[in-house]
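# can you look at this prediction? I've put the sequence above it.
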Protein chains: 4
Amino acid sequence: GRPFVLVAGPCVIEDYTGVMQIARSLKEITKRLDIPFIFKASYDKANRTSIDSFRGPGIKQGLEILSEIGLELDVAVMSDVHSPSEAELAAEVLDVLQIPAFLCRQTDLIVAAARTNRPLNIKKGQFLAPWDMDHVAKKARSAGNPQVLLTERGASFGYNNLVADFRSIPIMQSLGCPVIFDATHSVQLPGGAGGASAGQRQFAPILAKAAIAAGADGLFLEVHPEPDKALSDGPNSIRLDELEPLLNQLKAINNALIKPERNP
Amino acid sequence: GRPFVLVAGPCVIEDYTGVMQIARSLKEITKRLDIPFIFKASYDKANRTSIDSFRGPGIKQGLEILSEIGLELDVAVMSDVHSPSEAELAAEVLDVLQIPAFLCRQTDLIVAAARTNRPLNIKKGQFLAPWDMDHVAKKARSAGNPQVLLTERGASFGYNNLVADFRSIPIMQSLGCPVIFDATHSVQLPGGAGGASAGQRQFAPILAKAAIAAGADGLFLEVHPEPDKALSDGPNSIRLDELEPLLNQLKAINNALIKPERNP
Amino acid sequence: GRPFVLVAGPCVIEDYTGVMQIARSLKEITKRLDIPFIFKASYDKANRTSIDSFRGPGIKQGLEILSEIGLELDVAVMSDVHSPSEAELAAEVLDVLQIPAFLCRQTDLIVAAARTNRPLNIKKGQFLAPWDMDHVAKKARSAGNPQVLLTERGASFGYNNLVADFRSIPIMQSLGCPVIFDATHSVQLPGGAGGASAGQRQFAPILAKAAIAAGADGLFLEVHPEPDKALSDGPNSIRLDELEPLLNQLKAINNALIKPERNP
Amino acid sequence: GRPFVLVAGPCVIEDYTGVMQIARSLKEITKRLDIPFIFKASYDKANRTSIDSFRGPGIKQGLEILSEIGLELDVAVMSDVHSPSEAELAAEVLDVLQIPAFLCRQTDLIVAAARTNRPLNIKKGQFLAPWDMDHVAKKARSAGNPQVLLTERGASFGYNNLVADFRSIPIMQSLGCPVIFDATHSVQLPGGAGGASAGQRQFAPILAKAAIAAGADGLFLEVHPEPDKALSDGPNSIRLDELEPLLNQLKAINNALIKPERNP
């Protein structure tokens, strides 16, 4: 099969040194394995469960750090944007703008992000069907931007639980968009830990393997050197030192697939 | 039982004359029936399914119209706010600020809205459990605003469907907030009509009656003189001329209830 | 509104004296309140979560006890049937045969139960849509039995949780069947206590009130003098001494409704 | 990885010649690919949506046909059992007894099937969590039968839809049972075609690939030479002539996996 893209990084930028180290490790691993790589970390977690949660360095300092990562390591960088004005600022630095799942229906945000002409990665809301993303993608295209990636990150399944429906991969691909599977947010248990989301880190590698086998064009993984100490999404992050063996597995599965070439 | 509040209006402000007429009718009906009333209409539908959908007059003109409705008819007015800057503007006119369901986890929006010291009505996200709203309410309270109402408007139930879980009424009341049941959005079929949401208008009165019986403190109803011609949410709006008989029913049910007095 | 029927009793027949006492109390209460009453208790819990759970006295002794209750108290009696041969035996004693929710798609069971010419109460499977019950009811009618009641007892909502969708009441009524709302099974948390189902007894009265307001033709309530000591379904059973005040509430709500008369 | 087992066949035995031909083709294909194979077809579809649906030849004739298939082709045969008495009869012929999903909580059926000492394949009810199957498996083990396979066939996801949750594979494996993924029932849309279930045949191969990548021990596929003419489950059956290329894909994925050896 054609290669898949890896989007990875810590959930949130905790500090300059730490995030640079993670990015460097990821760059080395993906270079070694010849896997196309996009670094992703948030500068602002705008929708944490609780008011007391860590949110990140903010857009100004965050974009500076991401810019440095991009330049120093020669990697593409991606981050979340939360408002039209953020989209414009972020587009000066980021290679890909990501629209968070809760915000995937906010028309002005999508149009503003699309108008930057950066590729967009739009995460499917937990409350949407895969085919509903057709209208979301069209909002971006109507603003003149055809570079739309869609991400599956789990659908609401009762309370405090998500389920990853792998039918969404071919369904969203049929909308004309490459599809990324977000293996670590899909194992979140939203609100499952009271004032925070719990997670089932142990299932992320299994869902990642399933997604590659199901034909996903890319994979998103939150990675942290010490997930239990992470300031956000630790419970569903993958340990950095477990990434390379997992990617080896994923490459082997991907190589086993007979995937049609995607037209440009 | 103590009286319930009615929040009602057309989904979106279509034009001055139309919305004023609806507001006047609602005022007359609720005055006749002695039901506390808040008028609600959106000035901007920021998250329509499709890019081509009608969005409303925008915040400037919309707030002017709402202001006039409030003054001329002596009714409280409520509308949705979508960003911190909107919240400040809107608070100059509105009696209650509403946080849309998709945005109920956006910390900055809730904090900014709370800081206006207007009462907030926060709609529970379709992707949240009722107890998850505790953290949402706390975001508002942490900003010094204790006047938080919570609204149930249905939870994601598979694709393109919502289900109203009436356990959420006592659960959210136990968080110390009055609870409004949104009977018309709860019968939406999100994305169920392709480029728009479908709806099951016929079930809204039944769910409204159930909600009052379940002890809801208030009821939200989208009302339109001709729902089939409405520019938004027509499929789930109630006909204006069917409102008074319904409210009579709801009052009778409410009167049949032995409801404990709410402490101030 | 026309009166609603109460179906009530302990989940399972624990012993002769106990079940007779409960039945007598229920008869007295419903007579006092002039509420049509059907006594229901299971002689065999054929699908308990765990192999070690109490199952009841079995069909032979169970039917004898139910027969005596019917005769001595002059009440209609109902119980679950699990196989075609059970249906024939049970029909000699029971006034209404109930098809358990898990078994509502077993064609032979429904046909055999229908052929006894006893009225059937078929519980909607947790895995079915309300409109799916049309085919279930038709299986009974095709066997020549038009007396079919349908019961809503909650739909699967993620794992270990059920949600009561009140749209199902008018939908299943539109299939030509009276609809009973099972307020105590609807608050089960299936498997929620490991080797047993947990329950949220506190929500049963609220859902019961909502169901009557939504137009249910009847109500099912598991009742036990000491739910915490019940051998089955204690966590979701209503206390016997709390039943009369609840029924008073339900009657008041029902009286407040303008219900169309049901055609015979 | 260690090899996976294929369980396959037409949904129901339509006629002797047809089913023998399918079985022969499956035997040849799996022999060619060196994939362990169990033939499965139902002799009685006891829970069809509608009373008018085709049910199969019945247990007597059905078991004769399955016996002949087993002997003539030297393949293991499996079929559904629906009652304790069926289990005893069927055990004389079948190599594996299957408990249908709707019946997975019927204690007597599981105990009777377990007592035959045939391996059991128990399908997880659409209304159960994966961990709930622990109690189901224990019912079989308590009857002295440790040979329990568990099958994931989709969980209820709103109305008329199922979702395959791949977390269930490792969760049910952790209960000490090999886990089969049923790729064709998982793409059923139950009741989705009015008087019958609809299906999304096109997604079955994708879910099958995902399941193997997720570590499933076996795969179940309904296969028919002409699915559009099948008398049951045509909409979700795989075409016989598409099976071999799919199995080649699945083998390649399985070979790419580093699977720990299962202890006997």
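Nice, I can see it.
# close to chain B, is stretch A:119-126?
Yes: using Cβ under 8 Å from any Cβ of the partner chain, we find that stretch A:119-126 touches chain B at A:125-126. (C-beta placed from N, C-alpha, C; glycine too.)
# quick one, phi psi at A:Arg201?
Backbone dihedrals for A:Arg201, given as degrees, to the nearest 10, come out at phi -50, psi -40.
# okay, now the nearest residue to it once chain neighbours are set aside: neighbour count?
Spatial nearest neighbour of A:Arg201, excluding adjacent residues (Cβ to Cβ, 6 or more residues apart in numbering or on different chains): A:Asn236 at 5.5 Å. A:Asn236 has 25 neighbours, counted by other Cβ atoms under 10 Å in any protein chain shown.
# kindly report the same for the one 4 residues further on.
Number of residues near A:Leu240 (other Cβ under 10 Å) recorded here: 19.
# tally of neighbours for the nearest residue to A:Ser168 once chain neighbours are set aside?
Spatially, and ignoring its direct neighbours in sequence, A:Ser168 is nearest to A:Pro130 (3.7 Å; Cβ to Cβ, 6+ apart). Counted with other Cβ under 10 Å, the neighbours of A:Pro130 add up to 22.
# need the contact list for A:Ala23.
By Cβ atoms under 8 Å, 6 or more residues apart in numbering or on different chains, the residues touching A:Ala23 are A:9, A:39, A:41, A:69, A:73, A:75.
# and if you look at A:Leu97?
A:Leu97 touches A:78-79, A:81, A:87, A:90-91, A:113, A:116, A:118-121, counting by Cβ under 8 Å, 6+ apart.
# do that again at 10 Å, thanks
The contact partners of A:Leu97, taken as Cβ atoms under 10 Å, 6 or more residues apart in numbering or on different chains, are A:78-81, A:86-87, A:90-91, A:109-110, A:112-114, A:116, A:118-122, A:145.
# specify the local secondary structure of it.
At A:Leu97 the chain is in strand, as set by DSSP: H, G, I helix; E, B strand; the rest coil.
# ok, now A:Asn145?
Secondary structure for A:Asn145, judged by three-state DSSP, is coil.
# equivalent analysis for A:Ile180, please.
Per three-state DSSP, A:Ile180 ends up strand.
# narrow the contacts of A:Leu97 to those in strands?
Secondary structure from DSSP state E places A:78-80, A:120-122 of those in strands.
# any chance of these in CSV, plus neighbour count?
Converted to CSV, these look like this (neighbours: other Cβ atoms under 10 Å in any protein chain shown):
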residue, neighbour count
A:Met78, 26
A:Ser79, 27
A:Asp80, 25
A:Leu120, 27
A:Asn121, 26
A:Ile122, 27
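# of those, which is the nearest to B:Cys104?
Proximity of these to B:Cys104 (Cβ to Cβ) peaks at A:Asp80, which lies at 17.5 Å.
# so what's A:Leu175 closest to, chain neighbours aside?
A:Asp134 (5.0 Å).
# the one you found: neighbouring residues, count only.
21.
# which strand or helix spans it?
Here A:Asp134 sits within helix A:133-142, counting by DSSP states H and E.
# ok now that helix, how far from the chain's centre?
19 Å (Cα atoms, centre = their mean, to the nearest Å).
# ends of stretch A:31-47, what's the gap?
This stretch, stretch A:31-47, spans 33 Å end to end (Cα to Cα, to the nearest Å).
# and that stretch with chain B, contact?
Yes: under the criterion of Cβ under 10 Å from any Cβ of the partner chain, stretch A:31-47 makes contact with chain B via A:44-47.
# I'd like the average pLDDT over that stretch.
Computed over stretch A:31-47, the mean pLDDT rounds to 96.
# please compute how far it lies from its chain's middle.
7 Å.
# residues of that stretch that come out buried?
Neighbour-count burial for stretch A:31-47, counted by 16 or more other Cβ atoms under 10 Å in any protein chain shown, picks out A:33, A:35, A:37-47.
# what's the answer for stretch A:195-202, then?
Quick answer for stretch A:195-202 (16+ other Cβ under 10 Å): A:196-201.
# ok, now stretch A:232-252?
Buried, per 16+ other Cβ under 10 Å, within stretch A:232-252: A:232-238, A:240, A:243, A:246-247, A:249-252.
# the residues you listed in helices, which ones?
Counted as lying in helices by DSSP state H, out of those, are A:243, A:246-247, A:249-252.
# now do the helices in the stretch 1-150 of chain A.
A:16-33, A:59-73, A:84-91, A:107-115, A:133-142 (DSSP state H, counting those that start in this stretch).
# the lowest-mean-pLDDT helix or strand in chain A pairs with which strands?
Counting by mean pLDDT, DSSP states H and E, chain A has its least confident helix or strand at strand A:198-199, which shows a mean of 84. The pairing partners recorded for strand A:198-199 under DSSP bridges are strand A:188-189 (antiparallel).
# list of residues touching the strand it pairs with?
Taking Cβ under 10 Å, 6+ apart as the rule, strand A:188-189 contacts A:126, A:153-154, A:159-162, A:182, A:196-200, A:204, A:222, A:233, A:235-236.
# gap between it and the chain center?
On Cα atoms, centre = their mean, the centre of strand A:188-189 falls 15 Å from the chain's centre.
# so who does A:Ala101 touch?
A:47, A:80, A:122-128, A:151-154, A:182, A:185, B:102, B:127.
# and which of the residues of stretch A:31-47 next to chain B is nearest to D:Glu28?
A:Asn47 (55.8 Å).
# how near is the nearest residue to that closest one once chain neighbours are set aside to chain D?
Among residues not flanking A:Asn47 along the chain, B:Arg105 sits closest, at 3.9 Å (Cβ to Cβ, 6+ apart). To chain D, B:Arg105 is 23 Å away according to Cβ to the nearest Cβ, to the nearest Å.
# what distance do you get for B:Arg105 to B:Met133?
10 Å (Cβ to Cβ, to the nearest Å).
# out of the buried residues of stretch A:195-202, which comes closest to chain B?
The shortest approach to chain B among the buried residues of stretch A:195-202 belongs to A:Ala196, at 8.9 Å (Cβ to the nearest Cβ).
# the closest one: what's it in contact with?
The contact partners of A:Ala196, by Cβ under 10 Å, 6+ apart, come to A:48-50, A:52-53, A:189-190, A:232-235, B:135.
# for chain A, give the residue positioned nearest to chain C.
A:Gly158 (1.5 Å).
# isn't that residue right up against C:Gly154?
No: using Cβ atoms under 10 Å, A:Gly158 is not in contact with C:Gly154; the gap is 11.9 Å.
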